[in-house]
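# Model the following, please.
(one chain, ligands or ions: 1)
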Amino acid sequence: MTLPRPRVAILGGGPGGYEAALVAAQLGADVTVVDEAGLGGACVLTDCVPSKTLIESSTTMTSLRRSASLGLQLENGDNPDVDVDAPALYARIKALAAAQSHDIAERVADEGVRIIKARGCLTGPHTIEAEDGAGTRVDADVLLITTGANPRVLPEAVPDHERILTWRQLYDLPELPEELIVVGSGVTGAEFAGAYQALGSKVTLVSSREHVLPHEDKDAAVVIESVFRRRGMTVLGRSRAEAVRRKGDGVLVTLADGRTLTGSHCLLTVGMVPATAEIGCGQAGVKLDGRGFIEVDRVSRTSIPGVYAAGDCTGVLMLASVAAMQGRIAMWHALGEAVHPIRLSHVAQTIFTDPEIASVGVSQAAVDRGEVAARVVKQPLATNPRAKMAGIRDGFVKIFTRPGSGVVLGGVVVAPRASELILPLSIAIEQNLSVDQIAQTFSVYPSLSGSVTEAARTVMEYGPDAIL
Ligand SMILES: Cc1cc2nc3c(=O)[nH]c(=O)nc-3n(C[C@H](O)[C@H](O)[C@H](O)COP(=O)(O)OP(=O)(O)OC[C@H]3O[C@@H](n4cnc5c(N)ncnc54)[C@H](O)[C@@H]3O)c2cc1C
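Numbers count the residues shown, from 1 in each chain. Below you'll find the predicted structure:
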């Protein structure tokens, strides 16, 4: 006698949803995904993938600007005549995102997953109703909610899609913003401010805190802020934007202390709100926290048996990699596989400024607060031979190790492509490696990754108890 296949219904097709769908299908479940925008979700269509594609172009622009210092003569020296063709740039970004979404949909469909392109709503703990014209009802044994989050907007700064914008509207602009005011200096604000500055916009970054990237490694944030200023950006610290209005062909930003700023466009990067308000959490009995995020445990269970949630709608750590892992864990758990609860302390992440900031494991802030006992070594990139060849002046490799044993507890890399350079430290943390094991590992000469092994050798030289 064959047992009936478990039925899995997933609301939302971003990384949390589609990665879960793949796992569930591979485990033999009958899987349906209901998504209104397209597979890949906001991650692929409007947020992560488009912003990183834009940043690839802006980083190339920065390299072109540096060319004179490398002995290459472009017309106009430090200000080379490279025109940004904004419609072409944005068209490339949108085409790439659409193609990526299409590839994911094909892959998921190949695994036998049913995709319903429609808005959906929970009508109970076992049912999603799709607004697909036919009122399709999806009954399931296991339900996963992965509806993501949306940009927060301020009542006094309502986007008009032309001049006052969230990042989701940038790629429909007919031109590059001439004078861009970025409100919010967290990760998203810093990434876009740096990218537009590099592309040629005149950028003002408005930060309510003293410095940019207030929640990140302080040494890294200092590097980024000084690079921003050196490249001509105006960075306003301790400046809270209170209102943004249209003024003729531009915008007027009013700060809390009464100062005003004018620009051609304003980009709002003031956080995210979970997309949980109108998806029927109440009907299903799913509990939300005070800010509207779905409460989950470390295997993605909500307050209702059989109902799981993953990704940005849970507010756990708003990263695509975390959403995907939460989604997979949910399915392994629901379908009876052995599963480890999610380990957030091992998540590697990157801020895609130029240079990038990548980090993993314990943070400097936790060490400074005395929550973790760790030794810290910081190796500047400026002494790295490959960095000198490439004209790279800014950046460092920082390693946190356990006193006595020298086991690697965390790391921060500030460098071009730090997102790639963080991997050895990630592996070290996952595998419980000690700093001498990194120090004894070959790195290529010359290479930026040589600074990782050199930092490790510095710890060995001075002993694991030295503070460097
Ligand atoms: C500008 C920006 C850049 C980022 N860059 C990075 C990065 O470099 N690296 C990284 O790891 N993370 C990055 N992130 C974060 C990353 O995009 C999110 O963590 C990720 O998208 C979360 O995935 P998710 O599956 O939870 O939701 P999403 O990707 O938001 O997908 C949710 C899906 O659910 C659909 N949906 C919502 N409600 C319904 C409904 N009622 N019915 C049907 N469908 C519905 C939505 O349309 C969407 O398709 C970035 C975020 C932003 C804002």
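# now the closest residue to the ligand within the stretch 51-200 of the chain: how far from Ile351?
Residue nearest to the ligand within the stretch 51-200 of the chain: Gly148 (2.2 Å; Cβ to the nearest ligand atom). C-beta here means a position set from N, CA and C on the backbone, and glycine is covered the same way. Distance check for Gly148 against Ile351: by Cβ to Cβ, to the nearest Å, it reads 20 Å.
# More neighbours: the two, which one.
Neighbour count, other Cβ atoms under 10 Å: between Gly148 and Ile351, Gly148 has more, with 28 against 24.
# Not counting sequence-adjacent ones, nearest residue to that one?
Nearest residue to Gly148 in three dimensions, chain neighbours excluded: Asp312, at 4.6 Å (Cβ to Cβ, 6 or more residues apart in numbering).
# Quick check: the one you found touching Gln326?
No. Look at Asp312 against Gln326 with Cβ atoms under 8 Å: they stay out of range, at 9.9 Å.
# Pro341: what secondary structure?
Here Pro341 is recorded as coil under DSSP: H, G, I helix; E, B strand; the rest coil.
# right, and it touches Ile329 too?
Yes. Assessed by Cβ under 8 Å, Pro341 is found in contact with Ile329 at 7.4 Å.
# In a strand, Asn432, correct?
No. Looking at Asn432 with three-state DSSP, it is coil, so not inside a strand.
# and it, what does it touch?
Asn432 sits next to Val407 when contact means Cβ atoms under 8 Å, 6 or more residues apart in numbering.
# how close does it get to Val44?
34 Å.
# now do Thr53
Distance of Thr53 to Val44, given as Cβ to Cβ: 11 Å.
# any weak-confidence spans in this protein?
Low-confidence segments of the chain (pLDDT under 70): 1, 76-80, 462-468.
# at contact distance from the ligand, anything in the helix ranked longest in the chain?
Longest helix of the chain, by residue count under DSSP state H: helix 86-110. No. Using Cβ under 6 Å from any ligand atom, helix 86-110 stays clear of the ligand, with a minimum separation of 9.0 Å.
# What are the buried residues along that helix?
Buried residues in helix 86-110, counted by 16 or more other Cβ atoms under 10 Å: 86, 89-90, 92-94, 96-97, 100-101, 104-105, 108.
# any common contacting residues for Pro341 and Ile329?
Common neighbours of Pro341 and Ile329 (Cβ under 8 Å, 6+ apart) are 298-299.
# Neighbour count for those two, which is higher?
Ile329 (24 against 11).
# Wait, the more buried one touches Val339, no?
Yes. If you go by Cβ under 8 Å, Ile329 and Val339 touch, sitting 5.6 Å apart.
# Now do the shared contacts for those two.
Common neighbours of Ile329 and Val339 (criterion: Cβ under 8 Å, 6+ apart): Val299.
# could you say what helices and strands the helix or strand hosting Ile429 packs with?
Using DSSP states H and E, Ile429 maps to helix 423-430. On a contact count with 3 or more Cβ pairs under 8 Å, 6 or more residues apart in numbering; DSSP states H and E, helix 423-430 meets strand 356-361, strand 408-415, helix 435-439.
# Recalculate using a threshold of 6 Å.
Packing partners of helix 423-430 (3 or more Cβ pairs under 6 Å, 6 or more residues apart in numbering; DSSP states H and E): strand 356-361, strand 408-415.
# And Ser63, how far from Phe228?
From Ser63 to Phe228 the distance is 17 Å (Cβ to Cβ).
# These two: which has the busier surroundings?
Higher neighbour count among Ser63 and Phe228: Phe228, with 22 against 14, using other Cβ under 10 Å.
# Provide the secondary structure category for that one.
Of the three states, Phe228 takes helix under three-state DSSP.
# Pull the contacting residues for it.
Shown in contact with Phe228 (Cβ atoms under 6 Å, 6 or more residues apart in numbering): Val235.
# Quick check: buried residues in stretch 153-171?
157, 159, 163-171.
# Now render these as TSV, adding secondary structure.
Below are the buried residues of stretch 153-171 laid out as TSV (three-state DSSP):
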residue	secondary structure
Ala157	strand
Pro159	coil
Arg163	coil
Ile164	strand
Leu165	strand
Thr166	coil
Trp167	helix
Arg168	helix
Gln169	helix
Leu170	helix
Tyr171	helix
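# Show the contacting residues for the residue nearest to Gly148.
Applying Cβ under 6 Å, 6+ apart to Asp312 gives the contacts 148-149, 318.
# Can I get those in a markdown table including distance to Val253 and secondary structure?
Formatted as a markdown table, those follow (distance: Cβ to Cβ, whole Å; DSSP: H, G, I helix; E, B strand; the rest coil):
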| residue | distance to Val253 | secondary structure |
| --- | --- | --- |
| Gly148 | 28 | coil |
| Ala149 | 24 | strand |
| Met318 | 26 | coil |
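# residues near whichever residue of the stretch 201-350 of the chain sits closest to the ligand, how many?
Taking Cβ to the nearest ligand atom, the ligand has its nearest neighbour within the stretch 201-350 of the chain at Gly311, 2.1 Å off. Other residues near Gly311 come to 38 when the count uses other Cβ under 10 Å.
# OK, contacts around it?
Counting by Cβ under 6 Å, 6+ apart, Gly311 has contacts 16, 146, 148, 323.
# measure it to Arg298 for me?
As defined by Cβ to Cβ, Gly311 lies at a distance of 15 Å from Arg298.
# picking up where we left off before, quick one, which of Thr53 and Val44 is more surrounded?
Val44 (27 against 19).
# residues in the stretch 151-300 of the chain within reach of the ligand, list them.
167, 188, 275, 279.
# Could I get those residues in TSV, plus columns for distance to Glu75 and secondary structure?
Formatted as TSV, these follow (distance: Cβ to Cβ, whole Å; three-state DSSP):
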residue	distance to Glu75	secondary structure
Trp167	33	helix
Thr188	34	helix
Ala275	48	coil
Ile279	55	coil
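# Find the pair from the buried residues of stretch 153-171 with maximum spatial separation.
Ala157 and Tyr171 (20.0 Å; Cβ to Cβ).
# quick check, Leu54 in a helix?
Yes. Counting by three-state DSSP, Leu54 is found in a helix.
# wait, what's in contact with the most centrally placed residue in the chain?
In the chain, the residue lying closest to the centroid (Cα atoms, centre = their mean) is Leu319, at 5.1 Å. Residues near Leu319 by Cβ under 6 Å, 6+ apart: Gln349.
# could you show me where the helices are in the chain, in order?
15-26, 41-45, 48-66, 86-110, 187-199, 218-230, 281-284, 320-334, 364-368, 385-390, 418-421, 423-430, 435-439, 450-462.
# what packs against the third one?
Packing contacts for helix 48-66, counted by 3+ Cβ pairs under 6 Å, 6+ apart, involve helix 86-110, helix 187-199.
# Mind giving me the packing neighbours of the first one?
By that I understand helix 86-110. Helix 86-110 sits against helix 15-26, helix 41-45, helix 48-66, with contacts defined as 3+ Cβ pairs under 6 Å, 6+ apart.
# so which residue of the stretch 351-468 of the chain comes closest to the ligand?
Counting by Cβ to the nearest ligand atom, the stretch 351-468 of the chain gets nearest the ligand through Phe352, at 5.8 Å.
# Touching, that residue and Glu191? I think so.
Yes. Between Phe352 and Glu191 there is a contact under Cβ atoms under 6 Å: 5.2 Å.
# hmm, back to that, pipe the helices and strands packed on helix 48-66 into TSV and attach distance to Leu22 per row.
Listed next are the helices and strands packed on helix 48-66 as TSV, based on distance: least, Cβ to Cβ, whole Å:
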stretch	distance to Leu22
helix 86-110	6
helix 187-199	28
